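1. model this:
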Amino acid sequence: MPTAARAKPPGWRDPRLWVGVALVAVSVVAGARLLGGADDSVTVWSAATDLAPGDRLGADDLVATSVRFEEPADLDRYLATDGPLPDDLQLVRGLGAGELVPAAALGSAEESDTVSLSLSFPTELVPSGIETGSVVELWVVPGDDARRTELAGPVLDDVVVMDAPSAAEALGSVAVGRQLVLGIPRDESQALAELLAASEEQRVRVLGRG
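-> Numbers count the residues shown, from 1 in each chain. Sure thing, here's the model as predicted:
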């Protein structure tokens, strides 16, 4: 009867042994990185929905989001969740849904340097891309009794659209055309007066910024 051969354990020169060791090492390193990343994560506020400049922020407008910054100092640039929200927190620029809330976009109602101006425009004169948060230019065109030498000209630029109801949202409204709520700088009182006077005669035009 032939003698059964005894199986020998793989020696240290067996390449299969080193492949196994390498796989274990990679798994350990990957696991350590994952654990380290979890330890470095912080929680900041993000916008629950689209928000416009001038909107006041409350708990219902925000969602706590866990993130990991490359540099710890980057946390100071955003609104962290480790403290209470101020009562008069207000946006100075628009935010999209899911966007982290940067500290630079925050102010208070007392610090606001704009006034809200609501104007109605014929629908066909409002560019289709105009929406809440858009930046536009406002022009005034001459009236019917103006001299021929008078031309249309810009009144204000870099104006933020604080609200822009869609045509569907305005169907139940008695207003005709498209309504835009514009943020006008407080120190532009002369331009504000010109816009108010021209709006009564439908002489205000809005130009979108590309």
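2. from now on I want contacts and neighbour counts done on CA atoms only, so please keep to that.
-> Noted.
3. and the gap between the most centrally placed residue in the chain and residue 47?
-> Ranked by distance to the mean C-alpha position of the chain (CA atoms, centre = their mean), the top residue is residue 95 at 2.4 Å. Residue 95 is 7 Å from residue 47, where distance means CA to CA, to the nearest Å.
4. between these two, what contacts are shared?
-> Shared contacts of residue 95 and residue 47, defined by CA atoms under 8 Å, 6 or more residues apart in numbering, comprise residue 101.
5. next secondary structure after the helix or strand of the chain with the lowest mean pLDDT?
-> Least confident element among the helices and strands of the chain, by mean pLDDT, DSSP states H and E: helix 15-40 (a mean of 54). For helix 15-40, the following helix or strand on the C-terminal side (DSSP states H and E) is strand 42-47.
6. low-scoring stretches of this structure, by residue?
-> 1-39, 108-112, 145-150, 166-176, 210 (pLDDT under 70).
7. how does it divide up, domain by domain?
-> As recorded under automatic domain parsing, the domains making up the chain are 40-108, 114-208.
8. follow-up on the earlier one: check whether the residue nearest to the centre of the chain really touches residue 45, as I assumed.
-> No: counting by CA atoms under 8 Å, residue 95 stays clear of residue 45, with 11.9 Å between them.
9. show me whatever sits in contact with both of the two.
-> With CA under 8 Å, 6+ apart as the test, residue 95 and residue 45 both reach residue 101.
10. for this protein, which segments are assigned as helices?
-> Secondary structure of the chain (DSSP state H): helices located at 15-40, 189-199.
11. which residues touch residue 133?
-> Going by CA under 8 Å, 6+ apart, the list of residues near residue 133 reads 52-53, 93-95, 160-163.
12. got the angle for the biggest strand by length in the chain vs helix 189-199?
-> Across the chain, the longest stretch assigned as strand under DSSP state E is strand 153-163. Strand 153-163 and helix 189-199 are oriented at 90 degrees to each other (axes from the mean of the first three to the mean of the last three CA atoms, to 10 degrees).
13. residues making contact with strand 153-163?
-> Under the contact criterion CA under 8 Å, 6+ apart, strand 153-163 has outside partners 52-54, 94, 116, 131-141, 180-184, 191, 195.
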